[in-house]
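> I need the structure of the sequence given here:
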Amino acid sequence: MEKQDAKELRQMSDDQLAATLKDCCTQLFRLKIQSQTERLDVPSELKRNRRLIARIRTIQNERNREAALAAAQSNDASDS
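A predicted model of the protein is given here:
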C-alpha cells in the first residue's frame, strides 16, 4: 500500500475513506499473520499501516463530529 498523507485522505469522499480503511485493515491482518509465520520483508510496514488506519479513523471521527454539531445547530435554530 502506497503512503498517503492526511491531506490526500481529507480530499477523499466518505465512501472512498471507508473503502481505504477496509483495505488497510485487511492488509494489516495479512501482515500480522505473515509476521507470525515468517519474516516480513519490511517490518516497518506494520507500523505504517497502523498509523494510516489511525489517520483514516481520525478524519472519519472529525467529519462525524462536524455533522453532529451542524445538526445540533440546525435543530437549535429551528426550535427558536
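> residue 63 against residue 14, yeah?
Yes: here residue 63 reaches residue 14: they are 6.8 Å apart, a contact under CB atoms under 8 Å. Where C-beta positions appear, they are placed from N, C-alpha and C, glycine not excepted.
> low-confidence bits of the chain, can you list those?
Per-residue confidence for the chain (pLDDT under 70) gives these ranges: 1-3, 80.
> distance between stretch 19-39 and the chain's centre?
Chain-centre distance of stretch 19-39: 15 Å, with CA atoms, centre = their mean, to the nearest Å.
> what are the buried residues along it?
Buried residues in stretch 19-39, counted by 16 or more other CB atoms under 10 Å: 20, 21, 24, 27, 28, 31.
> can I get those residues in JSON lines including secondary structure and distance to residue 51?
Below are the buried residues of stretch 19-39 laid out as JSON lines (DSSP: H, G, I helix; E, B strand; the rest coil; distance: CB to CB, whole Å):
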{"residue": "20", "secondary structure": "helix", "distance to residue 51": "13"}
{"residue": "21", "secondary structure": "helix", "distance to residue 51": "13"}
{"residue": "24", "secondary structure": "helix", "distance to residue 51": "10"}
{"residue": "27", "secondary structure": "helix", "distance to residue 51": "13"}
{"residue": "28", "secondary structure": "helix", "distance to residue 51": "11"}
{"residue": "31", "secondary structure": "helix", "distance to residue 51": "13"}
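> the strands in the chain, which residues?
With DSSP state E as the criterion, the chain has no strands.
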